[in-house]
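Enquirer: Got a predicted structure here, sequence first:
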Amino acid sequence: MERLAAVASGQVRQLWRAAPAAVRIVVPASDTEFSRITGSTSDQVPALTRPDRTVVLHPDLWGRVSARGRQVVLTHELTHVLLSPLPTTPRWVGEGAAEVTAYRPTGLRPDQVAPGVARRVRSGSPPAGPPDDAALDPGRTADLSDAYGLAWAWCAFLVARRGAGVFTGFVRTASAQPGQTGRAFRAAYGAGPAGLGGAYETWLASWA
Ligand SMILES: [Zn+2]
């Protein structure tokens with residue numbers, strides 16, 4: 001676990017130029033204990049980061065994740081530890097940022113990271129923008145991994161469009177300042193998400 005955490009911390013630092021300070025990782029003894037500690041009854045996530053920046057592993061699901069997958073999960077969670085987005089920030093900002101950070105070092109192709117997105121594009125109904133909060137809420141969505149794929153694709157598109165520096169600057173502002181997501185997005189990308197729909201579709205068509 002220490003090795004995984006050290007690699008995760010390095011991967012976070014590589015993109016964000018800052019590492020999560022003190023990382024606490026808790027492994028509850030049972031699923032019930034996991035629910036009690038996290039307040040989540042979802043059985044779709046192998047780990048969660050609490051508002052106090054403690055990473056809690058789901059004892060059952062974590063045990064089923066491959067070694068490579070564990071690195072992705074932990075780097076995802078440590079991105080949350082670093083950024084700790086406000087509860088009012090749209091979920092796609094934090095989840096997309098965490099997914100982009102976690103998958104960057106893997107060398108996986110886009111259609112491997114987000115197979116659901118690739119399928120939508122091939123069937124002629126590409127996503128037009130980021131997923132909404134309900135889709136990314138473990139307690140409300142039926143297919144969380146598909147929603148994570150949507151958040152990853154949108155954020156990977158933003159990185160491709162203006163580079164990692166502009167993306168991380170936008171995410172930091174949106175995560176830390178209440179109600180600033182729309183304004184920060186327009187400052188970074190020159191339009192709202194809807195205004196980038198055409199460019200997003202073109203980018204998706206290049207890999208999906
Ligand atoms: Zn997350």
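Expert: Cool, got the structure. Numbering: from 1, shown residues only.

Enquirer: Is A5 in a helix, a strand, or coil?
Expert: At A5 the chain is in helix, as set by DSSP: H, G, I helix; E, B strand; the rest coil.

Enquirer: Give me the buried positions along stretch 43-58.
Expert: 44-50, 53-58 (16 or more other CB atoms under 10 Å). For every residue, glycine as well, the C-beta is placed using N, CA and C.

Enquirer: Looking at these, which is nearest S9?
Expert: Of all these, V55 has the smallest distance to S9: 11.5 Å, by CB to CB.

Enquirer: Relative to the centre of the protein, pull out the residue lying furthest away.
Expert: Among residues of the chain, the one most distant from the C-alpha centroid is A29; the distance is 26.0 Å, by CA atoms, centre = their mean.

Enquirer: Tell me the spacing between it and H58.
Expert: Applying CB to CB, to the nearest Å, the value for A29 to H58 is 12 Å.

Enquirer: Equivalent analysis for P127, please.
Expert: P127 is 27 Å from H58, by CB to CB.

Enquirer: got it, and P131?
Expert: For P131 relative to H58 (CB to CB), the value is 22 Å.

Enquirer: And for R13?
Expert: Distance from R13 to H58, by CB to CB: 26 Å.

Enquirer: next one: D111
Expert: Taking CB to CB, one finds D111 at 27 Å from H58.

Enquirer: With P178 instead?
Expert: Counting by CB to CB, the gap from P178 to H58 is 30 Å.

Enquirer: now do G182
Expert: In terms of CB to CB, G182 sits 34 Å off from H58.
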